[in-house]
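Peer 1: have a look; sequence and predicted model below, questions after that.
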Amino acid sequence: MTDAAAQAPQAIAAVLADVDGTLVTNAKVLTPRAIEAVAKLHQRGTLFAITSGRPPRGMRMLVDPLGLRGPIAAFNGGIMVRPDMAIIHEQAIPAHVAPAVIDAIRAHGLYAWIYREATWYVTDPQAPHIERESRTVQFGPTVVPSYDGLLDRLVKIVGVSDDYDLAARCEAALRAEFGAHVSAARSQPYYVDVTHPLANKGVVVERLAHHYKLPLEQIVTLGDQPSDVLMFQQSGMSVAMGNASADVRHAATFVTASNEEEGFARAVEEFILPRAAAVPRSLG
């Protein structure tokens, strides 16, 4: 727990949670206790929303178990959808930047995947993590010989490597080379997510606050990866998972148990429900 814990808000009107490594287990399962924790938030009248680097289709399976009613932020905020998957907002990577980003990812020795609104494209179906990602998001990629002709409406580009240090160096290099033209952050140790500069989880917090007409101070965020730190910085209170790195844990107000040890549910029960407040029914 950091010194910021002493400044935690007395009332929490909305909760925004990352998905992988936070809300679900490593096997990508929602535990009964996690589902019950969200149900208790709904019962209290507290808003609950999710954000992830996943595409919208990869979050659809969470809608019914969690009783989601408001905006869902896919692609780290690159696309905002309603629970029925209708698009509210889309923020594409500048077309003139996309080819150079892909070249830079490959130059660092990472595989490059690209995403449009509802489609995931790869050039090598044997690349690392494709099989696991297909199970996670419950749909597979479209295999193409090249990305020519597909770069004008990209919502996310992903660099993939099981060399975690290499992925970290690539993340830093993309930020240095492309500056304000993109947002680059690791959503997992092996994924470097590249999105529009205004498509990041910090902006997701701001959009959620605007949508529900809430002060940022009344929103709490939960996450485990470097890409989650931006939303920590924008919210009134934040909770890092026990499986997060030391840097991510240090950036949060509180630290809970790991995602394998019911960390999400425990955070809701211990840190959030005691401060949870109902919002006007018209906003929920």
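Peer 2: Thanks, I have it. Numbers count the residues shown, from 1 in each chain.

Peer 1: hey, let's count contacts and neighbours off CA atoms from now on
Peer 2: Noted.

Peer 1: show me the domain layout of the protein.
Peer 2: Domain segmentation of the chain under automatic domain parsing yields 3-90+200-275, 98-195.

Peer 1: need the ones you listed in CSV (columns: mean neighbour count).
Peer 2: Output for those, formatted as CSV (neighbours: other C-alpha atoms under 10 Å):
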stretch, mean neighbour count
domain 3-90+200-275, 21
domain 98-195, 18
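
Peer 1: could the ones you listed be laid out in JSON lines, adding mean pLDDT?
Peer 2: Shown next, in JSON lines, are the domains of the chain (pLDDT from 0 to 100):
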{"stretch": "domain 3-90+200-275", "mean pLDDT": "94"}
{"stretch": "domain 98-195", "mean pLDDT": "95"}
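
Peer 1: ranges for the helices of the protein?
Peer 2: 32-44, 63-66, 98-107, 130-137, 164-178, 201-212, 226-234, 246-251, 263-267 (DSSP state H).

Peer 1: residues making contact with the second one?
Peer 2: Judged by C-alpha atoms under 8 Å, 6 or more residues apart in numbering, the contacts made with helix 63-66 from elsewhere in the structure are 35, 38-39, 83.

Peer 1: tell me the centre residue of this structure?
Peer 2: Centroid check for the chain by C-alpha atoms, centre = their mean gives S52 as the closest residue, at 2.5 Å.

Peer 1: that one and M241, how far apart?
Peer 2: Counting by C-alpha to C-alpha, to the nearest Å, the separation of S52 from M241 is 15 Å.

Peer 1: next: K40.
Peer 2: 20 Å.

Peer 1: do the same with Q188
Peer 2: Counting by C-alpha to C-alpha, the gap from Q188 to M241 is 13 Å.

Peer 1: got the contact list for the residue nearest to the centre of the chain?
Peer 2: Contacts of S52 by C-alpha under 8 Å, 6+ apart are 18-20, 73-77.

Peer 1: same question, R116
Peer 2: So R116 contacts 153-156 (C-alpha under 8 Å, 6+ apart).

Peer 1: now the helices of the chain in CSV, with distance to I12?
Peer 2: Converted to CSV, the helices of the chain look like this (distance: least, C-alpha to C-alpha, whole Å):
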stretch, distance to I12
helix 32-44, 10
helix 63-66, 19
helix 98-107, 39
helix 130-137, 30
helix 164-178, 33
helix 201-212, 12
helix 226-234, 14
helix 246-251, 19
helix 263-267, 13
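
Peer 1: nearest to R275 among those helices would be which one?
Peer 2: helix 32-44 (10.3 Å; C-alpha to C-alpha).

Peer 1: how far is that closest one from where the chain is centred?
Peer 2: Helix 32-44 sits 20 Å away from the centroid of its parent chain (C-alpha atoms, centre = their mean, to the nearest Å).

Peer 1: need the contact partners of that helix.
Peer 2: 23, 47-48, 65-67, 262, 264-265, 268-269, 273, 276-278.
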